[in-house]
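> Kindly return the folded structure for what I paste below:
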Amino acid sequence: MIQAYPGVSAGAASLENQLVDECVSVATAAGHSLDDGEVAKVGAYVTHAGSTITTSMLRDIENDSPIEADQIIGDMMRRASSFSLPAPILSMVHAHLGRSLQGPFSTLFDWTVENIDVIQNCQRSYDAREDQIAA
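Predicted structure coming up:
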């Protein structure tokens, strides 16, 4: 079990522990046994105050770099689902990390609004062509 360090609320430590439990459950269901002591040791490395060890995803977030939310967290969610395991914390983390897509989707939305007349004209032309083919 990962222990909270000063500056991290008990609630956050609880979420960390639940996340680790979900991942361990998925690994176990996939036939990979994990030693509880080793799991706790790795968690302590990453969460210990002053630790210089961080996850690659955290480094990407801190550097405003693209993150592999779907490749890492999404993959674990899909594996949990394939074993019919509940994964509410993985789902929450995945949804939160999806916020990194807000910028590109905002740009796409703005472009769509600016070009809605052209888009609708193209759609009408396409639909008319489809109607002619069907007739």
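> Leaving out the residues flanking it, which one is nearest to the residue nearest to the spatial centre of the chain?
The geometric centre of the chain, computed from its C-alpha atoms, lies nearest to His94 (Cα atoms, centre = their mean), at 2.5 Å. Among residues not flanking His94 along the chain, Ile73 sits closest, at 4.5 Å (Cβ to Cβ, 6 or more residues apart in numbering). The way it works is simple: take the backbone N, C-alpha and C, and place the C-beta from them, glycine included.
> Could you give the number of residues near the one you found?
25 (other Cβ atoms under 10 Å).
> Check the gap between it and Glu22 for me.
For Ile73, the distance to Glu22 (Cβ to Cβ, to the nearest Å) stands at 10 Å.
> between the two, what contacts are shared?
Leu90 (Cβ atoms under 8 Å, 6 or more residues apart in numbering).
> returning to that earlier point: show the contacting residues for the residue nearest to His94.
90, 93-94, 97.
> Dihedrals phi and psi, it?
According to degrees, to the nearest 10, the main-chain angles of Ile73 amount to phi -70, psi -40.
> do the same with Ile67
phi -120, psi 160.
> tally of neighbours for it?
Number of residues near Ile67 (other Cβ under 10 Å) recorded here: 19.
> Not counting residues beside it along the chain, what's closest to it?
Nearest to Ile67 is Asp60, by Cβ to Cβ, 6+ apart, at 4.6 Å.
> ok, back up a step: counting neighbours, which of the contacts of Ile73 comes out on top?
Neighbour-wise, the contacts of Ile73 (other Cβ under 10 Å) top out at Leu90, 24 neighbours.
> what sits against the nearest residue to that one once chain neighbours are set aside?
Nearest residue to Leu90, sequence neighbours excluded (Cβ to Cβ, 6+ apart): Met77, at 4.9 Å. When contacts are counted by Cβ under 8 Å, 6+ apart, Met77 touches 87, 90-91, 94.
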